[in-house]
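> predicted coordinates and the sequence they were generated for:
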2 protein chains.
Amino acid sequence: MVKRTSHQSADCLIARPLDAIGDWWSLLIVRDAFDGMRRFGEFQKSLGVAKNILSARLRNLVAHGILEIVPASDGGAHHEYVLTEKGRGLFYVLVALRQWGETYFSGPGEPYTFMVDTRTGRPIRRLEVHAEDGRLLTPGETRLADFRRAPE
Amino acid sequence: MVKRTSHQSADCLIARPLDAIGDWWSLLIVRDAFDGMRRFGEFQKSLGVAKNILSARLRNLVAHGILEIVPASDGGAHHEYVLTEKGRGLFYVLVALRQWGETYFSGPGEPYTFMVDTRTGRPIRRLEVHAEDGRLLTPGETRLADFRRAPE
DNA sequence: TCCATTCGGTTTCAATTTGAAACCATTGCC
DNA sequence: GGCAATGGTTTCAAATTGAAACCGAATGGA
């Protein structure tokens, strides 16, 4: 499961996250966790994934510090899986993926949900990338910089 | 490669995008494409992936309309792979993933790059989720709404 | 108390996917 | 023509996946 890049990509800050969540099911589990799911059975029913696979994915997410196991919540004997701070940090990845999905994958007549502001019920804004001074940036206006070379 | 959710998740706007790019290599290919890579050999050298796998992934990305094949560019005989509009839409996913990686995966002393505004060389801002009226939203302040039920 | 059921997994095993390496076809160059 | 580079495909072993069976502990009734 854990894929180690033996050749060391120059940009492991994409590769390393993908190592943690880069398989089909993990992000779906995280999404369900954002939706309040906590228990093995809930995830299994929601995703329809084989139990051994779910078991392995949950273990992996816990190992990566994205989920953590908490003793109970309704006094039951079994534990539950909840997002850690690190796991909640994936919110923006999910929003980005979802907005991309809304734009390019929602066919006409298909049932689809989209993300709204709970308070008003209105759709949220699209994500934007901004410069430090607030300017809106396009992909072409950004680049990767080596921290040691040009922080000035 | 293509994983069909037979059970139809209620939220296929996460699952469908993952079906297109939800394996380890595809997003890395897209990232390299944003970095200006266009040719089979460039991707192969950058990623260190087996050629048959790269071949399959490129084919898949083209099939999903994320990359397209263009005839040449330097007059050479071979074609090149460039991002489509849909592919460029993945910019926000990459930024989100990268910022998450910067936050949780960059160990001290490790070489790492981060994203800067080309014009100023300064780091870009963190992504934020905003309501229609501009309020900053946390994960808990959003939910998914059925388009047909509550657009009002 | 005893039996059945649910929950949360693990084990087993066949089928699919992956990846390394070998191979192949075309183009460009001398 | 010969030779290397590019851009793949084929082959085959190894790893991963997934469906189903199994299992143990904790309820829940009769």
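Looks like it arrived, so ask away.
> the residue nearest the centre of chain A: what's it in contact with?
In chain A, the residue lying closest to the centroid (CA atoms, centre = their mean) is A:L90, at 3.9 Å. By CB atoms under 8 Å, 6 or more residues apart in numbering or on different chains, the contact set of A:L90 is A:21, A:27, A:30, A:66, B:100. The C-beta positions use only the backbone N, C-alpha and C, and glycine is treated the same way.
> from A:R57, how far out is whichever residue of chain A sits closest to DNA strand D?
The minimum distance from chain A to DNA strand D, using CB to the nearest atom of the strand, falls at A:A50 (3.5 Å). According to CB to CB, to the nearest Å, A:A50 and A:R57 sit 10 Å apart.
> quick one, strands of chain A?
Using DSSP state E, the strands of chain A run over A:67-70, A:80-83, A:113-117, A:142-146.
> could you dump these to TSV with mean pLDDT?
Output for the strands of chain A, formatted as TSV (pLDDT from 0 to 100):
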stretch	mean pLDDT
strand A:67-70	96
strand A:80-83	97
strand A:113-117	88
strand A:142-146	87
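> so for B:K45, which of those strands sits nearest?
Closest approach to B:K45 among the strands of chain A (CB to CB): strand A:142-146, 17.6 Å.
> circling back: what about the residue nearest to the centre of chain A, distance to A:V62?
From A:L90 to A:V62 the distance is 14 Å (CB to CB).
> before we move on, what about A:L47?
17 Å.
> the two: which is more packed in?
Between A:L47 and A:V62, counted using other CB atoms under 10 Å in any protein chain shown, the more crowded position is A:L47 (22 against 15).
> what parts of chain A come near DNA strand D?
Selection of chain A residues close to DNA strand D by CB under 7 Å from any atom of the strand yields A:1, A:23-25, A:49-53, A:56, A:76-77.
> narrow these to those that are buried.
Taking 16 or more other CB atoms under 10 Å in any protein chain shown as the criterion, what is buried in the residues of chain A next to DNA strand D is A:23-25, A:49.
> quick one: least confident of these?
Looking at those by pLDDT, the weakest one is A:W24, with 86.
> excluding chain neighbours, what is closest to that residue?
B:G22 (4.7 Å; CB to CB, 6 or more residues apart in numbering or on different chains).
> so A:F105 touches B:I14, yeah?
No: with contact defined as CB atoms under 8 Å, A:F105 and B:I14 do not form a contacting pair (9.7 Å).
> contacts (any at all) between chain B and stretch A:131-147?
Yes: contact between stretch A:131-147 and chain B, assessed by CB under 8 Å from any CB of the partner chain, occurs at A:131-135, A:137, A:139-147.
> now, of those, which are buried?
Buried among those (16+ other CB under 10 Å): A:131, A:137, A:139, A:142, A:144-145.
> quick one: contacts of stretch A:123-141?
A:92, A:95-96, A:99, A:114-117, A:142, B:34, B:88, B:91-92, B:95-96, B:117-120, B:122-125, B:127, B:129-132, B:134, B:137, B:142.
> now for A:L97, how many residues are close by?
26.
> now do the contacts for it.
By CB under 8 Å, 6+ apart, the neighbours of A:L97 are A:27, B:14, B:17-18, B:93.
> do that again at 6 Å, thanks
B:14, B:17, B:93 (CB atoms under 6 Å, 6 or more residues apart in numbering or on different chains).
> out of the contacts of A:L90, flag the one nearest to A:E42.
A:V30 (13.5 Å).
> and that closest one, what pLDDT?
97.
> on that earlier part again, filter the contacts of stretch A:123-141 down to the buried ones.
For those, buried by 16+ other CB under 10 Å: A:92, A:95-96, A:99, A:114-117, A:142, B:34, B:88, B:91-92, B:95-96, B:117, B:123-125, B:127, B:129, B:131, B:137, B:142.
> quick check: A:F114 vs B:E85, distance?
A:F114 is 20 Å from B:E85, by CB to CB.
> got it, and A:A15?
Counting by CB to CB, the gap from A:A15 to B:E85 is 25 Å.
> neighbour count winner among those two?
Neighbour count, other CB under 10 Å: between A:A15 and B:E85, A:A15 has more, with 24 against 11.
> I'd guessed the residue nearest to A:W24 sits against A:D23; true?
No: applying CB atoms under 6 Å as the test, B:G22 and A:D23 come out as separate, 7.2 Å apart.
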